[in-house]
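1. Show me the folded form of this:
(one chain, ligands or ions: 1)
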Amino acid sequence: MQTMKKMIAEKILGGVKEINPAAELTAEEIVSMLEYPPTLDMGDLAFPCFKLSRTLRRAPVQIAAALADCVKCECISKVESVSGYLNLTISPAYLANNVLPEILEKKEKYGAQTFGAGKKVVLDYSSPNVAKPFHIGHLGTTVIGHSLRRLHEFAGYDCFGINYLGDWGTQFGKLIVAYRKWGSREAVEEGGIDKLVELYVRINNAIKGDEANGIPADNALAEESRAEFHKLEMGDEENIALWKWFVAISLEEYNKTYKQLGIEFDSYNGESFYTDKMPAQVEKLREQNLLKLDDGASIVDLSEYNMPPCLILKRDGSTLYPTRDIAAAVYRKENYHFDKCIYVTSAQQCLHFAQWFKVVEMMGYPWYDELVHVPYGTVSLNGEKLATRTGNVVLLKDLFRLAIEKVSGIIDEKTPDLENKAEVAEAVGVGAIVFYYLTNNRMKDINFVMEEALSFDGNTGPYVQYTYARACSVLSRAGEAANAPITVTTDEEAALLKTLCRFGERVCSAIADYEPSHITRFILDIATAFNRFYHNCPILTAEDEAVRASRIRMTEATKIVLGNAFDLICLKKTEKI
Ligand code: ARG
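-> Numbering: from 1, shown residues only. Now for the predicted structure:
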């Protein structure tokens, strides 16, 4: 579609120059003015001529009439000028001779872009907090983050994915105390991360107490935890060993989930990695006179920018979340030389990012505007806030397990002889959750309802994966397609190809808006168009040899584009379901 739009824009530009040779307008500007009409009878593309009224000093209707003749080109079979709009219909011959061959030739490269070539993107995503449960609240950063990575790779960027593990902080003091008090090596070895979470929840509850039930807060335990964390910071051998062990256990657990999703990271340097990199930045802030003392704490005043101050050091001199992020950004710029560093977190952290991005700017780092925060809406569960302490969370591993079990049940019932049952059940079960999550615009708040996530009716992951498998099944039965010229004979065929050729555009808009849902919706568009084609146009039983061969090729093209799009949102390509 991008190629077609360019061709059309050149023609329109030619027409404009005929009317007014001095008109200042570029083909790119015209491309951005082209619209998709709301209904098919209005054509496939529309050019709103009122946008040129000022430049050409004419009424839209006159402009449309004047341009109608000029836009005729290879890819357009019909031009109509209707109330100041030019409505254009894409030529079936062009779809047959250009669009389809291009897809078949480029295969897994179809839709790929080149604008990222030679540029580097660092993506900071997933980043769970060690020994805290990995739950549905982390699904967003994990799947949006990874999808953005795939999208950028598809546009030619060199990508570097960082799992910035929350592997440092007072929670480790608590965990160490809880472990020594209530845990044992055997129990943790056996229970893994669940045991760690249990210990963590238990000590938190004890520290906080339960006012309603007359249980007082346990300040001694809080004090003890702080002391143990301090020992950890000072390099106490025993505590360091425990901490490393807790991190390893957690990571092992996360990796199971990442594996199910097909996600790998280039670096797992978490917060602890930056401990020794903070003093230099704090020093720099001090030298630049940016640090102010506020009730003993060191802050950067941001009132000029209508933001609360950014906290750099606590009263006891210990560092904070923003301090670490600043040090990490400097380290990443110096070591990975990014052109863009993307952080994917819940929208609750918007202020945090706005604050420390501003501090980086005030420190004079010229790359401050290469830092990008990509927030997403909050997840609640059954209408309530997620809370580890009260257990109002769903662990990702449980969610995936339930989805996989459900799919297994369906397979056992419907296709009991399917090969690789377990593999397919995992791909479709996990895919259902991913697709459910990525269908919405990322900023939309999500009230997670298990039944909805596990519902396979309508516009769901299983539906699109099933469509993919349907295309594969047609192809496996088709054998070699005859080498006949391609023909587009029905509306369904034309509609399918017109949908497929919009892929490149969707890739661009998904990157520009940091919005994987553009791809998810596009996948649904293809599934609809393909299923309509499949039901209305006989493929293998088509009588005419050329029609049969063309339809097989269209099926092949659908498989290619769907597959490429699946890759962009961590959806596995299921050949058979
Ligand atoms: N660990 C943090 C959390 O779970 C997310 C980290 C996001 N990345 C960052 N560079 N701050 O809230």
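2. low-scoring stretches of this structure, by residue?
-> Within the chain, the ranges that satisfy pLDDT under 70 run 389.
3. Next, name the residue at the spatial heart of it.
-> Nearest to the mean C-alpha position of the chain, by Cα atoms, centre = their mean, lies Ile144 at 2.5 Å.
4. quick one: the strands in the chain?
-> Remark: strands assigned in the chain by DSSP state E are 45-48, 76-82, 85-90, 120-124, 158-162, 291-294, 297-300, 310-313, 340-346, 371-376, 379-381, 384-385, 446-448.
5. which residues touch the residue nearest to the centre of the chain?
-> Tyr125, Val344, Val374, Tyr376, Leu438, Arg442, Tyr514, Pro516 (Cβ atoms under 8 Å, 6 or more residues apart in numbering). The way it works is simple: take the backbone N, C-alpha and C, and place the C-beta from them, glycine included.
6. hang on, the first one packs against Leu165?
-> By that I understand Tyr125. No - Tyr125 is beyond contact range of Leu165, at 11.6 Å (criterion: Cβ atoms under 8 Å).
7. And the two? Which one has more around it.
-> Between Tyr125 and Leu165, counted using other Cβ atoms under 10 Å, the more crowded position is Tyr125 (26 against 23).
8. Which residue comes closest to the more buried one once chain neighbours are left out?
-> Nearest residue to Tyr125, sequence neighbours excluded (Cβ to Cβ, 6 or more residues apart in numbering): Gly145, at 2.4 Å.
9. any idea how far Glu237 is from that neighbour?
-> When distance is defined by Cβ to Cβ, to the nearest Å, Gly145 is 35 Å away from Glu237.
10. next one: Arg150
-> Arg150 is 42 Å from Glu237, by Cβ to Cβ.
11. who's more crowded, these two?
-> Taking neighbours as other Cβ under 10 Å, Arg150 and Glu237 compare with Arg150 leading, 20 against 8.
12. Now the more buried one: closest residue in space, sequence neighbours ignored.
-> Leu568 (4.8 Å).
13. Let me see the contact set for the one you found.
-> Leu568 neighbours (Cβ under 8 Å, 6+ apart): Ser147, Arg150, Leu151, Phe154, Val507, Ala510, Pro516, Ile519.
14. Out of these, which is nearest to the ligand?
-> Of all the contacts of Leu568, Ser147 has the smallest distance to the ligand: 16.7 Å, by Cβ to the nearest ligand atom.
15. Could you measure from the residue nearest to that closest one when sequence neighbours are not counted over to Arg58?
-> Nearest-residue entry for Ser147: Pro516, 3.8 Å, with adjacent residues in sequence omitted and distances by Cβ to Cβ, 6+ apart. As for Pro516, its distance to Arg58 is 42 Å (criterion: Cβ to Cβ).
16. who's more crowded, these two?
-> Using other Cβ under 10 Å as the criterion, Pro516 and Arg58 rank with Pro516 on top: 27 against 17.
17. how near is the more buried one to Val449?
-> Counting by Cβ to Cβ, the gap from Pro516 to Val449 is 21 Å.
18. now Gly118
-> Distance of Gly118 to Val449, given as Cβ to Cβ: 45 Å.
19. Pick out whichever of these two has more residues nearby.
-> More crowded of Gly118 and Val449, by other Cβ under 10 Å: Val449, with 13 against 10.
20. Give the full set of residues in contact with the more buried one.
-> Taking Cβ under 8 Å, 6+ apart, one finds Asn382 in contact with Val449.
21. How much space separates it from the ligand?
-> Distance, Val449 to the ligand, by Cβ to the nearest ligand atom, to the nearest Å: 23 Å.
22. Next: Gly15.
-> 51 Å.
23. The closest residue to that residue other than its chain neighbours: how many residues sit nearby?
-> Excluding the flanking residues, the one nearest Gly15 by Cβ to Cβ, 6+ apart is Cys70, at 3.2 Å. Around Cys70 there are 18 other residues, counting by other Cβ under 10 Å.
24. Check Val394 too.
-> By other Cβ under 10 Å, the residues close to Val394 number 20.
25. I'd assumed Ala453 was in contact with it.
-> No - the pair Val394 / Ala453 is not scored as a contact, 9.0 Å apart, by Cβ under 8 Å.
26. which residues does the closest residue in space to Val474 that isn't next to it in sequence contact?
-> Spatially, and ignoring its direct neighbours in sequence, Val474 is nearest to Thr555 (4.9 Å; Cβ to Cβ, 6+ apart). Counting by Cβ under 8 Å, 6+ apart, Thr555 touches Ala471, Val474, Leu475, Ala478, Phe530, Ile539.
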